[in-house]
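Asker: coords below, sequence missing:
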């Protein structure tokens, strides 16, 4: 028997999967990461299966209304990319036994991916919309993913040996595995020790408020506790029950998604007793999805690389004109910023000194493209977009906001822009994979040293950093926000004016940095490398 054949079968649990913009099964970076993971696992022929939910309306399409505010639209999603496996399972949610079918995703080149959906129309409220904020819905979704996912794997007769929880959404799978063992007569702690040998956990969120918490009474009322008593649930997730704490205590090993994020996560969760050790496995992106084929084909030729980049930029600017009516200059330095909408990402940082920004536009011929989407229930995130859209109206010939950000628009932007801007408040960006996609296409990163960028940045060689980390930021709080914003805004303008624009004016210099960016990102920040790291560092080790 070869070492390849002895690799354990891994079940990868994720609430969302970004496979293609036509398949609305993702909200943002977490889902796109999961989709890239499944694509690389399939490309490499690894023994991985994915588990998720089938969303009948998927995630929101978001457009700017006449009032300048983002508005959500929903549409029924087709099932033509799915095939019914015939497998059925039940999960008790409140007083109902919810029967689920198991679909298999069939259109995309990925490892096997199975999605659960209730069979009875009365239960479809659970999987109608991804991250539905209505009462009970979020926990019910996580019950189907976790408890239902384990039961689906059994119904499919898959001999799974490792369970990988992508974020805390899947932790009820661990509760189900413990309950299974207790049914055979094992005591709670023995069952827990045995189950955690097979579980690994990925944490993504360095913002405390982003880590989900539920009361134990709520979990027991809905049935998420799988008959564990309150004291047993509290030992796993605390009281109230924290989904990330539960993930760390259910797994024998955990990982953060960048080296800096590893430091942040270890400090953030140092108080959790009996937590899994947290290593760092930096995220990666699927080159076949995100890198335009003309970029690697231009290897070794300045002229071909320049021609390819001009073509990509032209395609982007043509789409901007179609969507907004704005005719941008193909020769101007074009800066892109596209993210999930959140205040800590500071999309308007470059605009906060209007006088200096106008000088950039007039004297240096800079133009900006923005895109982003907020969670439908995140009024603060929507307000960020509304304020940005209002600010952009001052410069209609040089700045544009592109509505309804999705994977298709993400490809156009990361391929066609000259510079990719990233301005989070460090260390709140866990990874930031859009910058990796940009780098693979010769779009040069200009970023705060947060997320993945401390690993990829050689200043002036592969892109540019916006200053160095300030020790005072270790004690950052709300009171310091204005100081940090002022400092970072000044540093951003300095590096843009003194380094980025002069390099753009020197074609050989710019091409050198483009080539270095592509070479830096091609393997180190690919999902192929990421998946191989998971196999070697997380899946191979017994708990």
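Answerer: Cool, got the structure. Since we're looking at a predicted model, the values are computed, not measured. Numbers count the residues shown, from 1 in each chain.
Asker: Show residues contacting the helix or strand containing residue 154.
Answerer: Taking DSSP states H and E as the definition, residue 154 sits inside helix 149-155. Taking contacts as Cβ atoms under 8 Å, 6 or more residues apart in numbering, the residues outside helix 149-155 that touch it are 11, 13, 49, 51-52, 87-91, 100, 102, 114, 116, 160, 163, 170, 173, 176-177, 180. Any C-beta I mention is one placed from the backbone N, CA and C, and that applies to glycine too.
Asker: Apply 6 Å and report the result again.
Answerer: Taking Cβ atoms under 6 Å, 6 or more residues apart in numbering as the criterion, the residues outside helix 149-155 that touch it are 11, 13, 51, 87, 89, 102, 116, 160, 173, 176.
Asker: so the third one sits in a strand?
Answerer: If I follow you right, that is residue 51. Yes - counting by DSSP: H, G, I helix; E, B strand; the rest coil, residue 51 falls inside a strand.
Asker: All further residue positions should be reported with the first residue as 30.
Answerer: With 30 as the first residue, the last one maps to residue 80.
Asker: For residue 56, see how far away the residue nearest to it when sequence neighbours are not counted is.
Answerer: Leaving aside its chain neighbours, residue 80 sits nearest to residue 178 (4.0 Å; criterion: Cβ to Cβ, 6 or more residues apart in numbering). In this structure, residue 178 and residue 56 are separated by 19 Å, where distance is defined by Cβ to Cβ, to the nearest Å.
Asker: So those two - more neighbours on which side?
Answerer: More neighbours surround residue 178 than the other of residue 178 and residue 56, with 32 against 21 (other Cβ atoms under 10 Å).
Asker: how close does the more buried one get to residue 252?
Answerer: In this view, residue 178 and residue 252 are 15 Å apart by Cβ to Cβ.
Asker: just residue 444 next, same as before
Answerer: 46 Å.
Asker: could you measure residue 318 against residue 82, distance?
Answerer: Counting by Cβ to Cβ, the gap from residue 318 to residue 82 is 22 Å.
Asker: nope, residue 247 is what I meant
Answerer: In this structure, residue 247 lies at 20 Å from residue 82, with Cβ to Cβ as the measure.
Asker: Between those two, tell me which one has more neighbours.
Answerer: Of the pair residue 247 and residue 82, residue 82 is the one with more neighbours under other Cβ under 10 Å, namely 27 against 15.
Asker: Now the element after the helix ranked longest in the chain, going C-ward?
Answerer: In the chain, ranked by residue count with DSSP state H as the criterion, the top helix is helix 331-353. Secondary structure here is assigned by DSSP H and E; on that basis, the next helix or strand after helix 331-353 toward the C-terminus is strand 362-369.
Asker: Quickly run through the sheet partners of that next one, with directions.
Answerer: Each strand that pairs with strand 362-369, with its direction, by DSSP bridges: strand 395-402 (parallel), strand 448-451 (parallel).
Asker: that older thread, for the longest helix of the chain, the averaged confidence score.
Answerer: Per-residue confidence for helix 331-353 averages out to 97 on the pLDDT scale.
Asker: which of the residues in that helix are buried?
Answerer: Residues of helix 331-353 classed as buried by neighbour count (16 or more other Cβ atoms under 10 Å): 334-335, 337-338, 341-342, 345-346, 348-349.
Asker: Stretch 160-177 too?
Answerer: By neighbour count on 16+ other Cβ under 10 Å, the buried set for stretch 160-177 is 160-161, 165-177.
Asker: In helices, which of those residues appear?
Answerer: Cross-referencing the buried residues of stretch 160-177 against helices under DSSP H gives 166-172.
Asker: Reformat those residues into TSV and put pLDDT and distance to residue 403 next to each item.
Answerer: As requested, these are exported to TSV (pLDDT from 0 to 100; distance: Cβ to Cβ, whole Å):
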residue	pLDDT	distance to residue 403
166	97	19
167	96	17
168	97	23
169	98	23
170	98	20
171	98	22
172	98	26
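Asker: And for the closest residue to residue 333 other than its chain neighbours, the neighbour number?
Answerer: Spatial nearest neighbour of residue 333, chain neighbours left out: residue 327 (3.7 Å); criterion: Cβ to Cβ, 6+ apart. The tally of other residues near residue 327 (other Cβ under 10 Å) stands at 21.
Asker: how about residue 327, phi and psi?
Answerer: Comment: the main-chain dihedrals of residue 327 come out as phi -90, psi 10, following degrees, to the nearest 10.
Asker: pretty sure it is touching residue 334, no?
Answerer: Yes - at 4.1 Å, residue 327 counts as touching residue 334 under the criterion of Cβ atoms under 6 Å.
Asker: got the contact list for the residue nearest to residue 266 when sequence neighbours are not counted?
Answerer: Nearest non-adjacent residue to residue 266, counting by Cβ to Cβ, 6+ apart: residue 275, 3.5 Å away. Contacts of residue 275 were listed using Cβ under 6 Å, 6+ apart, and they are 200, 265-266.
Asker: Residue 477 too?
Answerer: 452-453, 455, 495.
Asker: Mind doing that once more with 10 Å?
Answerer: When the contact criterion is Cβ atoms under 10 Å, 6 or more residues apart in numbering, the partners of residue 477 are 374-375, 378, 450-458, 461, 483, 494-496, 498, 517, 520-521.
Asker: likewise residue 153?
Answerer: Contacts here follow Cβ under 10 Å, 6+ apart; on that basis residue 153 touches 85-86, 127, 146-147.
Asker: Which positions within the strand or helix carrying residue 524 qualify as buried?
Answerer: For residue 524, the element it lies in under DSSP H and E is helix 510-524. Neighbour-count burial for helix 510-524, with 16+ other Cβ under 10 Å as criterion, is recorded at 513, 516-518, 521-522, 524.
Asker: ok, now stretch 223-243?
Answerer: Neighbour-count burial for stretch 223-243, counted by 16+ other Cβ under 10 Å, picks out 224-225, 227-235, 240-241, 243.
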